[in-house]
Every structure is written in structure tokens, then in C-alpha cells.
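Asks: return a 3D structure for these sequence lines:
(3 chains)
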Amino acid sequence: MSWPPEIKRTPSRFRNPIGKYKIHRGPACVHCGKCAELCPLGVHRRMGKKMLAPKDELCLGPTCADREYYCIRRCPQAALRMVINPNLQAFTDYRWPADLLLSTWQQAETGEVPHGDLEYRLGNSGGGFDRLRLRLPEQEDPSLSLRENGDEVSTAISLNRRDDGRPQVRISVPFYGGGMSFGSVSINTMLSRARAAEAWNTFTCTGEGGFPAPLQKYDDHMITQVATGLFGVREETIQRVRIVEFKYAQGAKPGLGGHLLGDKVTPAVARMREAVVGNSLFSPFPFHSVYSVEDHKKHVDWIKEVNPRCLVSVKVSTPTDVDMVAVGSYYAGAHIIHLDGSYGGTGAAPDIAKKNIAMPIEYAIPKVHRFLAEEGIRDQVTLIASGGIRSAYDIAKAIALGADGAVVGTADMVALECLRCRNCESGQGCPRGIATTDPELSQLMGMDWGSQRIINLYGAWRKQLVALLQIWGLKDIGELVGRTDLLMHLDYHREELKDDDIRPFLLRGNGHRRN
Amino acid sequence: MQEKRVELTVFCCQHQGERIRPILNELNGSPGIELKKVSLPCTGKLEVFHLTKALERGADGVAIFGCPEGNCHYVVGSQRAGGRVRYTQRILKAIGIEENRIYRFILEEKTPQEGIEAFATWAKNVQGKGVPPAAPARSS
Amino acid sequence: MPKKYHLHPKPAPPRFAAPGPFGIIEGDGCLNCSNCVKKSCVYSVFRKREFDTHQLMDTADSLCKNCFRCVQECYGRILSKSANPEFRSLGNKYWTPEIIASNWCQAETGKIPVSGGGYGGPFAGPGFDSMWTDMSEIVRPTRDGIHGREYISTSVEFGRVAQPVAFAFEQDSFNGAETSDHGISPRVEASLPIIFDLLPFHSFNSSVRLALAQAARETKALMVVRAEEMEENLGPLAGHLIPLLPAGEVSSLTSTLSGVRMVEVPFTSSGEVRERVREIKQINREVVVAVRMMLGPRSEENAFALAGAGIEVLHLLADEEGQEQGASSPRFIKDLIRSIHLGLVQQKRRDELSLIFGGGIAMAEHVAKAIICGADAVSISIPLLLALECRLCGRCGPGMKCPVEVEKINPSWGRQRITNLIAAWHAQLLEVLGAMGMRDVRRLRGEAGRAIFREEIERETFGQIFGEPVAKARLEKEEGYVLAP
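Replies: Predicted coordinates:
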């Protein structure tokens, strides 16, 4: 396997990609081809004597206006018009607004920071990560200042910090994929994630739906999840992996187990989970064999007994006493404490649970980080955060708040062209072929395409993290842990923030890049 | 004799909402005028059946308010609306109904007062045209 | 053991097509492909599509699930999506189009809203959006009420808790505990902590009231109704009605007062109210009397005085957006609930009366949150109208054209719609209670330690890291606190 993994341009699998701007070629066009000659991004193409439809997803937008190849101005017939893509009116997600979706797609396509004025660092949620800013020196733009010697900066983290004789596991990037089960997503989605995890020497997780055979090639980069439904949990699946994850709870629907509605329990899924085709599966909550920290320790001991070399990760959600839960997990023997915040993704959950129950990860991280430090055990535990982590900047902020690394779920799917229509659970599942095991829908996405998209996205993220570390003069991502002095918050640091940072995030491109 | 009640349907694109508010307010107060407003994302969404069904429902007149053709957020939406309005007008003419019962207003070139006047003039003209032959009987 | 409380929703489709959040726009230039994307739409939107003549609405817009496949696969590139301005213009900043549409959907299906993907709304907001509810973890087991595995009780009782000591036998005292033979105050049970309040905007007609009253019976809830609007057909449902008595003398209302278990009197002054209650108890001492009062700057003072005077139930109302009235910087209802609840707790009087709060209760989560803040129950009005498809256009009144012809409903359809809505809200309440490991909603009252308040968690976390935040007023001014999607 080459290092770093190869980034290959992987455009949208759909005929009409969605870009921020639309270029319209009016009837005045005489197909002279001047625009095709001019545009270095390849928006305009001429085939024979005719112009093809513009590839406007590549267009820079108004940032191009002062460039000499600005086609709108240079067209001799004035036949071209640029408008903001009106389709974006239908993207109303606050956590993943249009810009963030589009910019993640671009990063998944190119492996680079997006061009033009696409906002790739922030969402529009109005709180948490979206009100935090990174403290960077004046004039430094991490997207532009990727310096030489990026290899001297390390983004690797160690996952075993207990001195317990179990093998060390080091991942080359400070993030890995969260559990998304077979049944909630397709086998191609799982394989894409697994191959990307292998390429970047990190991990992805099976979720609670069992360990499908095609993933066995990637054992060394898989995390088996033991969840309350105990689907597909057998000694054999626990023994094949380096990390086993106990899923106590899930941020998006705390207090509830997994939901897989009837239509998604296809024959293949039913076989895997030893269940009945078409019957909805609701995992119980909590583990009905765990009612105390001692019980918890027994479970962890059981896993450690079955697989003497594996690390144990405990995934919990974020109640008020999340710090106590974290400490309890440490004493039960966990290597990794994985906090899943309330705004994380899910295949299906009641809206009331997603919105209201438990706290967002942004609050849980500093709480747990501080508590573990006060207990004197912070350096023996790997603290991993998930629940709505969307970008390299969210990862950096999570680490600066006190996590060692992050887990992502939705971001992987966005790389595969999820656009948060939120129909994952309805009928056969995802109409775009990602979160479904319906044979026809799953065909929409190929594994080779999917793997490369996630590889590219992780590559773009890693580049940004390296650039940030270089700007801060840090040599290792571990030096960023708990560095809250490198963070600013809109509610607290008004005087230091520039107007551009303060103004709420706007969809409409204003043509200039912000730092 | 019963007072004639005029029913007008107004299709308006979302970007013209502000501009037509004074016009609709002005006329909504008038006795005997009943306005139904339907907001559309773009007048380009109009299909022929929007216009014909509105008449069938009993509207005396159908007004369309859209952006100027060079300034439509959907680029060609306003232009398509123009085409569809003209097409529907031809159909009306062919079946013996007055064409100007469907009318497209582009307000940007007018002042607010001119807009109100233009609309009021049109509304008065469609008054008294009677129920189109194909419409079901209207409850009074 | 009492019978378990289960509701049975049945699908009740709307009479008018509901506007959806987005629209589909089709341009010119269709290539007439044989494998047209419209044919392969996963949700068969284009096949099922109809044109609703009454509202001049294309139902494709609301059937569409926004997956963008047709937009992205059409060879002619003629399909686009848009926002639907008719949807966006529904309601207002508090009663958002999303809240309205969700209530419509719950009234149709009776099911808890469930969707895929994580929560896509804002991080937090004003009002009830500034608090989260807590949950159990590991050592504190949750309860699985939804799938029927464990029973979670949502029953509440209104009235005074029985006083175990000192039965004073003063003949003239109006206090039921002291004049009744058993020394026990009357109490009224409702199977869930939601009462139906008077409908806003307009009185509506007897069909609507019948639908509401029948739904109250079916859901074993209670419903406030103006005494003068208690038509004959509501007679058999008297056990579920709370007549709101007109201000003034009540001696003529003897017939109204028989057959009901609870009544309401409007607050005028402490003295007058006490007199009214005394009169009522003389006519029917088993009736529980609630005092209805608008929330304002003097609410705490009045509430404590009324509690001290032995009032059994207070029904306290904010405006439709949950704000107190008559204040220059109005407080939100959740803060008023906390203030009054905690004040009574401090005075050691909290169990002497029941507190029902209403105004601004728009979603099931608000019921749970209001109870966490200290309410015994909540009252709702607008959601009941939404169940009947109300568009919140605000143009109600006699002779006005209601876009959904609320007054023409079939009461039995109306009853099913409201029952469905209540069933969905009840199920969501069970979700929250279950997540917390509670088997009884009464345990939730005042459990502020099991909620996460944004100001507090911010102080504990970011406050510890970054220090003092700038003044909220400044933030609001500089940013307008507008989050446009």
C-alpha cells in the first residue's frame, strides 16, 4: 500500500452535479468556443462545432470576476449569465448547510481544499463548533499556505495508552469511521469505508449489524461493535479484530437502542442478524446485563478474555454525568472512551430524541477532559469524540477542546454524495444508494468510486490539519490536545474577531475568501 | 339585483412578494373583490393547468406577477412563464373566452402607484365578464 | 391495579393537501427520453402527482422527498428544486412552518415523528430550545415504554394533596379539606398531563367543540370550555369538561356545576376569587376549582397569595408565543414556571396546589420541558387547531373564509385527528421519560437537575475555559440572531 494513499480525481456519480453557481448559456451563443479556451477550470467544453452544457460545479463563482479569464465578461456575444444555484434553496439543514455539503463533495472529488468561496470550515448551526474559531496569526490562510516539509508534522495518534501489555495501535490520522451497520447501510458503503480506512491506516466500525464476510479482508482496520441487540456478536467476530467497541448508547437517540424499520430488514440483513425478514428491529436499551460499573467491568473482561490482544473502546452518549460515566469506563478497563454527542447521525431515530436528549459533544469534551485530568487518569485514556463532526476544522476544534481524536459517520456518507435528505429509514432506505441494502438502490454506488471518494476526503482533511499544525508551530497533533488557548469563541472574544468571522454564515457567495 | 362579486387569482413569484403587497392590500379592501394569492418559487413553475384550473374554479381573472425576464433567479423561469401565458391565452381565444382574463404583470419597470393602477384597471376590465362556460356553478 | 392507559391512533388523512417545504420546477427542453427520470422516481412522485384545484397546488411538491435524483439524472437538465414560499409563509417565528407541518403529520398518523440522519436544526435557540433533557446511562436503567415492555404512567391529579394533620372545623371556611366529612380534598385525575384549553382566535362552532370534547373523552384528558358554550350535545361528556365560569356571581350556574369534576374561574382579585370559590364549594363541594390567570410581572406575587388562600389549582397562561404580558422585557414561560414552582417549594406549599401552564406549548418536547421546570401539567390550544389542519393564517372570525373550513368538519374526523395528535405527543413523552429511566411522569416535575440548561452548561464548560461572555444584548444586536437556512 502506497503512502500517502493516492488521490485520484473522482467526480460525482450523477450526470448533473450540483454546484454553488449555475452558468447559463443563452441563445446569443454562437458556439465560438472562446469560453472553453479561457476557463482553466474546465467549465466550458466544446465538442466539434458545438458547446456542451457547462460543468458549472467547477465554476469559481464571483471570485472569478476580477480574473482575466472571467467568461461572463469575455464572451463576445455576452451570452453567459451566472446565478447562484437556485436548487440550493432546498438545502435547509443548519448543521450541514449547502456550502458545507458542496465543499465536502469537492474535497471528496479532488482531495484538496475547495476553490472559490465555498465555505468548508463552518456550518450554520449557530452554536458549538460553529461559534468557535481557530486562533490563527494574521494573514494566515491554511488553505493557501501548505508549506514544504508537511511530512515532518505527525497526525498520528496512539490508541492504547494504558500500560497493560496489550499491543499498541497507532492510526495515521486522528480520526476513524463510526459504526454504521449492515442493514442501515449497503455493503458497498461499508467496503468503501473499510478500504479508505486501510488506505489511511485508520479504522472503521461495523456498527451493530454483524460482521459481513466481504469485510473480513479488512480485519486489521475494522472495529467490531458489541451493541445491545448483540446482533452478529460471536466469539469469532470478536477475535478477528484489533479493537472491539462496546456501544452503550448512541448520541442521536440516547436511551434508545438501534432502530431498523421493517422494510430495511431484507433477506441478507435478516440472515446476518438472525432475525425475521420484514420485522422491524428495535434494539433494547440499555444492555440488560449491565446495571452497575461492576457489571460493566465484567463485560469488558469478557471481551478481553475472548480476544487477548484487542483494545476495548466504550461508546457512550452524553448525559449530564458523562464525566462519571467516562471514569467508570476507565475503571472497567476501557482503552478508548468514545463520547457520542447528541447531534450525531443515525439511520432512524425519533426527532424528539435527536433534538432534545443529552448534550452536544462540544460541551461533553471539555467536561470529560477536565474530569479525567482531575482524576489523574487523563493520560491513560484515549478520548475520542463524535456526534456531528463534519470537517477538518471540527476535528481540530474537538482536539483543542480536549479530545485525542474524532470519529465521523455522516461525513463519510456526504463524501459518497449524501445530501441529508433524511429519508434513510423510509421504505427501502436511501434513495441515493448509500444507506440501503435494497439490491436495486445499492447498485447506484460502486465500491471503487466510494473508496476513492472517502480516501480523497480524508486526504483533504489531513492536508488542512497539517497546515494548521505548521502555522501553529506544532510538530504533532498530540500537542494540540486541550490547547484551548488556540480557540476563540464568538460569545467571548468579540474584540479579537474580525467582522468576517462574526457575521453569521451566509449562503450567498460574497466573492471574497475569509480566513 | 345581486352585486357582482369578482374573484381574482394571483400567482406571484417569491421575489415579487414585497412589491405586490401594496397592490393586494389596496384591492383587498374593496367591496365585492375576492383575492386568492398563490405564492410560487418562480413563475416558471406555472403550467398551463394552473391557469386553466384557476378559471375553472370560478376566477374572473388570473394575474401573474413575475420578475423581468433578464433578472429571473432561475434564469429562464420568467421567460417560460411568458411563453406559457401566451400559449394559454391562445387556447382561451380558440374556445371563445377573452384572452386578457389571464394577464402577466412585470412590475419592476413601474412605480408602486403605476402598478396599483395597472392592476386596478385590469381587474375592473375583467369584472362583469361573467362565468366562463366551462366552470361549475358558483355558490353565491 | 388500574387499567393501563393506551391510545389507539388511526390514520386520519387531511381534507386539504398540505403544502410541503419544497417545490419542483420543470423547465422547457424535455428530450422525451424513453427512460425518463420521472418514471424511475423511487417514491413514484410523478405517477401519484395530482393538481389540487381548491388550493391550486401541485401535490408533487409535497410528495417529493427531496432526494435530488431526478434533478441530477435528467438528460435535459430540466428539473430543479426550490423552496416553497407558501410553506415558508406559514405561521411565524415561534410557530414555524416545521412545527406546524409536524403537528399536521402527527394528527394524520398518530405516530412519533421519526427520520433518518442526525438532527438538522439549529444548535439551540430561545425559549424551550435553550434546554435539553437528560438521560440515563449504564447504571441507571432506562424504561422501555414505547414497545410496551414496561409501563410508564403519565397520569396526573389536580387538586390539593390531602393534609394529614389538623382538621379545623370552621364552618365558614371555604377550604374543602376542612369542611368535608372525610377531611380529604377533591382531586381530579387525568390520564396525561395535557389539558385542552380554549381555542385561540375565534370561538368556532359546536361541531368543533364536539370533536374536541369527544377527543378529550377518548384520550381521558380534560378540556376547558366556556360555560355559555356548553351545548346540550356536550352533556354526556361533562366528566371531561372544565367549564370556564364567567366573572361574577355563580349561583345561577347550579346545573353547570353538577356533573363536572372541575371548573375554572378567571382571576380578578384575590378577594373576589376567594369569594367565588366559596360560593362554588357551597353548591358542589366535590368540584375542584382552578383559577385562570395571565402570566405577567405580578404573577409570582399573585400565585403565592392564592396558594396561601388555599386555592387548589392555578392555570397560568402566557401569550401564544410563551411570553408573559405587560412587561417591557417579557420573560419566557419556562422561566416563569421555574420561578413560581421554586417559590412555592421554598414556602413549603408546592404540594398544596396544582400548577397548569399554557401558552407557547407547541411540541411534545415542550410538555416534558415544562414539567421539568415545575409544572404539573400544560394546556394547549393552537396544536388542537393544527390537528384540524389550521394554517394559522389568523383570519378567523365569523364570515371569514377559512382556507380549511374548520367549522365544516365532521366531528368524528376531528375527534380522530386530535386523538392522533395526543397519541403522538403521549408517545414522545414516554420516549423522554423512558430515556430518563422514569416510570411516572409525576417524578419528572421540577427535576431541573435532570435537564441541561444552555446558560449553565456554557458557564461550566466554555465559561471555565474562556471567561466571561459578552452581553447577550450586544450579541443580538451585532448578529441579529437570525439564522437563515
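
Asks: lowest-scoring secondary structure element of the chain by mean pLDDT?
Replies: Picked chain A for this. helix A:499-502 (a mean of 67; mean pLDDT, DSSP states H and E).

Asks: if you could check chain B rather than the one you did, that'd help
Replies: helix B:17-28 (a mean of 82).

Asks: any part of the very next helix or strand once past it near chain A?
Replies: Per DSSP states H and E, helix B:17-28 leads on to strand B:33-40 as the next helix or strand towards the C-terminus. No: taking CB under 8 Å from any CB of the partner chain as the criterion, strand B:33-40 and chain A are apart, separated by no less than 12.5 Å. (Glycine included, C-beta is placed from N, CA and C.)

Asks: give me the contacts around strand B:33-40.
Replies: By CB atoms under 8 Å, 6 or more residues apart in numbering or on different chains, the residues outside strand B:33-40 that reach it are B:5-14, B:17, B:24, B:27-28, B:46, B:59, B:123, C:23, C:55-57, C:84-86, C:89.

Asks: strand partners (parallel or antiparallel) of that strand?
Replies: If you go by DSSP bridges, strand B:33-40 pairs up with strand B:6-13 (parallel).

Asks: who does the top strand by length along chain C touch, helix- and strand-wise?
Replies: Longest strand of chain C, by residue count under DSSP state E: strand C:288-294. Contact here means 3 or more CB pairs under 8 Å, 6 or more residues apart in numbering or on different chains; DSSP states H and E; on that basis strand C:288-294 packs against strand C:156-159, strand C:262-266, helix C:270-283, helix C:299-308, strand C:313-317.

Asks: what comes up buried for the fourth one?
Replies: By neighbour count, and taking 16 or more other CB atoms under 10 Å in any protein chain shown as the criterion, the buried residues in helix C:299-308 are C:299-300, C:302-307.

Asks: and that helix, what does it pack against?
Replies: helix C:270-283, strand C:288-294, strand C:313-317, helix C:333-346.

Asks: between that helix and strand C:288-294, how many degrees?
Replies: Computed by axes from the mean of the first three to the mean of the last three CA atoms, to 10 degrees, the angle separating helix C:299-308 from strand C:288-294 equals 170 degrees.

Asks: alpha carbons of helix C:299-308, in CSV - could you do that?
Replies: What follows is helix C:299-308, C-alpha atoms only, in CSV (Å, rounded to 0.1, in the frame of the first residue of the first chain):
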residue,chain,number,x,y,z
SER,C,299,-47.7,36.5,38.7
GLU,C,300,-45.4,35.2,41.4
GLU,C,301,-46.9,37.6,44.0
ASN,C,302,-50.4,36.6,43.0
ALA,C,303,-49.7,32.9,42.8
PHE,C,304,-48.2,32.9,46.3
ALA,C,305,-51.1,34.8,47.6
LEU,C,306,-53.6,32.4,46.1
ALA,C,307,-51.7,29.4,47.3
GLY,C,308,-51.7,30.9,50.7
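
Asks: which residues touch that helix?
Replies: Contacts for helix C:299-308 (CB under 8 Å, 6+ apart): C:267, C:270, C:273, C:291, C:293, C:314, C:316, C:324, C:336, C:339-340, C:343-344, C:347, C:349, C:352-353.

Asks: mark which of the residues you listed are buried, thanks.
Replies: C:267, C:270, C:273, C:291, C:293, C:314, C:316, C:324, C:336, C:339-340, C:343-344, C:352-353.

Asks: list just the nearest of these to chain B.
Replies: C:Glu324 (32.0 Å; CB to the nearest CB).

Asks: my guess is that closest one contacts C:Leu316. True?
Replies: No: between C:Glu324 and C:Leu316 there is no contact under CB atoms under 8 Å: 9.6 Å.

Asks: now do the shared contacts for these two.
Replies: What both C:Glu324 and C:Leu316 touch, as defined by CB under 8 Å, 6+ apart, is the set C:295, C:299, C:336.

Asks: mind putting the residues you listed in JSON lines, pLDDT included?
Replies: JSON lines is the format used below for the shared contacts of C:Glu324 and C:Leu316 (pLDDT from 0 to 100):
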{"residue": "C:Leu295", "pLDDT": "97"}
{"residue": "C:Ser299", "pLDDT": "94"}
{"residue": "C:Leu336", "pLDDT": "97"}
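
Asks: mean pLDDT lowest where, among the helices and strands packed on strand C:288-294?
Replies: With a mean of 90, helix C:270-283 has the lowest mean pLDDT of the helices and strands packed on strand C:288-294.

Asks: quick check: mean pLDDT of the longest helix belonging to chain B?
Replies: The residue-count maximum for a helix in chain B (DSSP state H) belongs to helix B:77-94. Average pLDDT, helix B:77-94: 92.

Asks: can you name the residue of the stretch 51-200 of chain A nearest chain C?
Replies: For the stretch 51-200 of chain A, CB to the nearest CB, closest residue to chain C: A:Gly127, 2.7 Å.

Asks: point out where the stretch 401-515 of chain A drops to low pLDDT.
Replies: Along the stretch 401-515 of chain A, the parts satisfying pLDDT under 70 run over A:499-515.

Asks: where along it do the strands fall?
Replies: A:405-408, A:487-489 (DSSP state E, counting those that start in this stretch).

Asks: in JSON lines: these, plus mean neighbour count and distance to A:Val276.
Replies: Listed next are the strands of the stretch 401-515 of chain A as JSON lines, based on neighbours: other CB atoms under 10 Å in any protein chain shown; distance: least, CB to CB, whole Å:
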{"stretch": "strand A:405-408", "mean neighbour count": "28", "distance to A:Val276": "31"}
{"stretch": "strand A:487-489", "mean neighbour count": "19", "distance to A:Val276": "50"}
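
Asks: closest one to chain B among those?
Replies: Between these, strand A:405-408 lies closest to chain B; by CB to the nearest CB that is 33.8 Å.

Asks: elements contacting the closest one?
Replies: strand A:175-177, strand A:382-386, helix A:392-401.

Asks: one more time with 6 Å
Replies: strand A:175-177, strand A:382-386 (3 or more CB pairs under 6 Å, 6 or more residues apart in numbering or on different chains; DSSP states H and E).
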